[in-house]
Structure formats: C-alpha cells, structure tokens
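> Fold the stuff below for me.
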Amino acid sequence: MLQQTQVARVAPRWSAFLGQFPTPADCAAASPAAVVRAWAGLGYNRRALHLHRLATDVVDRHGGRVPGDLAELLALPGVGPYTARAVLAFAFERDVGVVDVNAARVLARTEGRRLTPAEVQARADALVPAGRGWAWNQAVLDLGASRCKKRDPRCAGCPVAVWCAWGGRGRDGPDPAHGSAGTGVSQAPFRGSDREGRGRLVDVLRRGPVPWEGVPAAAGWPRDEARARRVAASLVTDGLAIDDGTSLALPGK
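The predicted structure is shown next:
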C-alpha cells in the first residue's frame with residue numbers, strides 16, 4: 001500500500017483491509033474482485049491484483065507464511081527491492097538497507113555524488129549497524145521524508161550534517177540526489193491522464209458491471225469513445241477487468 005501512496009491515505013485503509021483479510025490465506029481465498037474493492041481509495045489498482053497473487057503464492061509455496069528470505073520475497077508478484085527489504089527489516093528485523101526515494105536522496109547527498117541504484121543499495125546495506133536494522137531504517141526513511149527533502153532541505157541541525165559531503169561544500173553545485181537511483185524522475189501529471197480514466201472506470205466497476213456503451217461516461221470521457229475503449233482494453237490486458245462481449249466487470253465475483 002505504501003508503494004507510491006502517502007501514509008496518511010494508507011493508514012485507515014490498511015486497518016480496514018486487515019480486518020477483512022487478516023492472513024494471506026484469507027486474501028488468497030477471496031476473489032480478485034473482492035480485493036480490488038477493498039483497495040478503493042489507494043490508487044494503482046494493479047497492486048491489489050499483485051497482492052492477491054502474492055497471497056496465493058504464499059499459501060501455495062510457503063505454507064501461508066510470508067518468507068524471510070530475500071530471493072523468495074523477490075520472486076513474489078509485485079515485490080521489488082524496496083518492498084522485499086522493507087519486509088526483511090521491519091517484519092524480520094534483518095540488517096538490510098531499505099531504499100526508497102527519501103533514503104536514496106540522503107545517501108546521494110552524504111556521498112556528494114550521483115549514485116546508481118546498485119551503489120545506493122550497497123551503501124545502504126553497508127551503513128546498517130549490526131543488530132539495529134529496524135531502528136536504523138526507520139531513522140533514515142524519516143530523515144529523508146522530514147528533513148533532507150527534495151526542495152529546501154533543512155540542513156541546520158541535521159543529525160548527519162557532519163558526514164554530508166554536499167552540505168559540507170555549502171550545497172554548491174548540482175544536487176547529487178537528482179538522478180540518483182531514480183530520485184529525480186518526475187511522474188507525469190495525473191489529471192487528464194489515462195491513469196485518471198482507468199481509476200474512474202475501476203471505481204465504477206467496483207459497484208458492478210458496466211455495459212460497453214456506458215464505458216466512455218464511466219471513464220469520464222463521454223465524448224471520446226475511442227480513448228475510453230482503449231483504456232478499458234488496457235484494464236482487460238492487465239487483468240483488472242473481464243470482457244464478456246457486452247460489458248466489463250471486475251475479475252471474479
């Protein structure tokens with residue numbers, strides 16, 4: 001849920017979701033449609049499908065328990081380096097570095113140069129104090145989110161200022177965080193995008209099937225049938241909708 005979604009939006013949905021699906025087995029036993037409905041308000045609906053597939057894999061291959069091995073976590077649907085290491089650090093308290101855009105920004109600035117994803121991950125892993133992975137990663141993520149911000153970093157009083165190469169040279173020259181491990185990548189505007197139309201259409205599908213003639217209005221483009229149909233077809237391709245020839249519906253029941 002925290003992939004590309006702010007904590008304030010996640011917190012209430014997380015509690016409600018766990019109330020409905022308290023274990024991987026509960027999630028796996030539900031239909032994909034039920035999981036997508038429970039995901040309402042979080043955006044990036046493909047993550048709901050990934051989570052359902054992940055729960056199924058955890059039940060089928062791991063006896064219903066999320067694995068504590070990096071390679072096994074990375075093999076699960078929708079799990080990348082950040083999520084895998086976050087699970088290891090925060091659920092299993094392993095000494096691995098958790099790298100999101102905030103942590104990558106801190107590491108690049110303290111190093112004083114742009115870092116590749118591999119360099120950022122190696123640096124993050126090397127810095128974790130033995131036996132302190134849980135607390136260390138909480139601190140680094142919070143530091144990047146609340147103080148070492150993308151714009152107007154609060155360098156005065158920063159707890160790592162003495163080790164910060166970029167800050168030590170008076171923040172002279174280009175910000176080394178820009179372009180490091182994807183931290184400088186800007187997302188395309190949401191308003192007016194296909195993503196917005198996809199989200200609107202999935203929200204309507206949560207309430208029930210939509211006949212094809214109703215798809216343009218449901219997607220928010222009543223006068224652009226071609227675009228609405230293209231976006232609807234992308235939902236079918238991604239597994240977020242099924243087409244029975246006359247209407248669209250969420251997968252499963």
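
> mind listing what's buried in the host helix or strand of L141?
Applying DSSP states H and E as the criterion places L141 in helix 133-146. Using 16 or more other CB atoms under 10 Å as the test for burial, helix 133-146 gives G133, W134, W136, N137, V140, L141, L143, G144, A145. C-beta coordinates here come from the backbone N, C-alpha and C atoms, glycine included.

> Now do the contacts for the spatially closest residue to the third one that is not a sequence neighbour.
Pointing back at W136 there. Residue nearest to W136 in three dimensions, not counting chain neighbours: V128, with 5.2 Å by CB to CB, 6 or more residues apart in numbering. Contact analysis of V128 by CB atoms under 8 Å, 6 or more residues apart in numbering lists D95, V96, G97, W136, N137.

> now do 7 Å
D95, V96, G97, W136 (CB atoms under 7 Å, 6 or more residues apart in numbering).

> Pick out the lowest-pLDDT one from the buried residues of helix 133-146.
Within those, pLDDT reaches its minimum at A145, with 91.

> hang on, it packs against A104?
No: in this structure, A145 is not within contact of A104 by CB atoms under 7 Å, at 12.0 Å.

> returning to what we had before: which two of the contacts of V128 have the greatest separation?
Spanning the widest gap among these are V96 and W136, at 10.0 Å by CB to CB.

> Skipping its backbone neighbours, what lies nearest F92 in space?
Nearest to F92 is G68, by CB to CB, 6+ apart, at 4.5 Å.

> Equivalent analysis for A33, please.
L250 (3.7 Å).

> what's that neighbour in contact with, if anything?
A33, V36, L205, R206, A241.

> Please repeat the previous calculation with a cut-off of 8 Å.
Contacts of L250 by CB under 8 Å, 6+ apart are P32, A33, V36, R37, V202, L205, R206, L240, A241, I242.

> Among these, name the ones in helices.
Judged by DSSP state H, helices contain the following of the contacts of L250: P32, A33, V36, R37, V202, L205.

> Which residues are in contact with the nearest residue to the fifth one once chain neighbours are set aside?
The shortest distance from V202 to any residue other than its chain neighbours is 5.0 Å, reached at N45 (CB to CB, 6+ apart). Contacts for N45 were tallied using CB under 8 Å, 6+ apart; they are V36, W39, R198, G199, V202, L240.

> K253 contacts A30, doesn't it?
No: judged on CB atoms under 8 Å, K253 makes no contact with A30 at a distance of 10.0 Å.

> which one of the ones in helices among the contacts of L250 is nearest P22?
For these, the residue nearest P22 by CB to CB is R37; the value is 16.8 Å.

> would you say G192 is within a strand?
No: when DSSP: H, G, I helix; E, B strand; the rest coil is applied, G192 is found to be coil, with no strand at that position.

> the domain parsing of the chain - what is it?
Listed domain ranges for the chain are 7-79, 101-168, 194-249 (source: automatic domain parsing).

> and A86, which of these is closest to it?
Per CB to CB, nearest to A86 of the domains of the chain: domain 101-168, 7.7 Å.

> Strands of this structure, start to end?
With DSSP state E, the ranges of strands along the chain come out as 210-211, 242-243, 247-249.

> Check those strands for me and report the most buried one.
Most buried of those, by mean neighbour count (mean count of other CB atoms under 10 Å): strand 247-249, with a mean of 19.

> My guess is W136 contacts A126. True?
No: using CB under 8 Å, W136 makes no contact with A126, being 11.6 Å away.

> Mind listing the shared neighbours of these two?
Listed as contacting both W136 and A126 by CB under 8 Å, 6+ apart is no residue at all.

> in the protein, which segments are predicted with low confidence?
The chain contains residues with pLDDT under 70 at 182-188.

> which residues touch G220?
The contact partners of G220, by CB under 8 Å, 6+ apart, come to E196, G197, R200.
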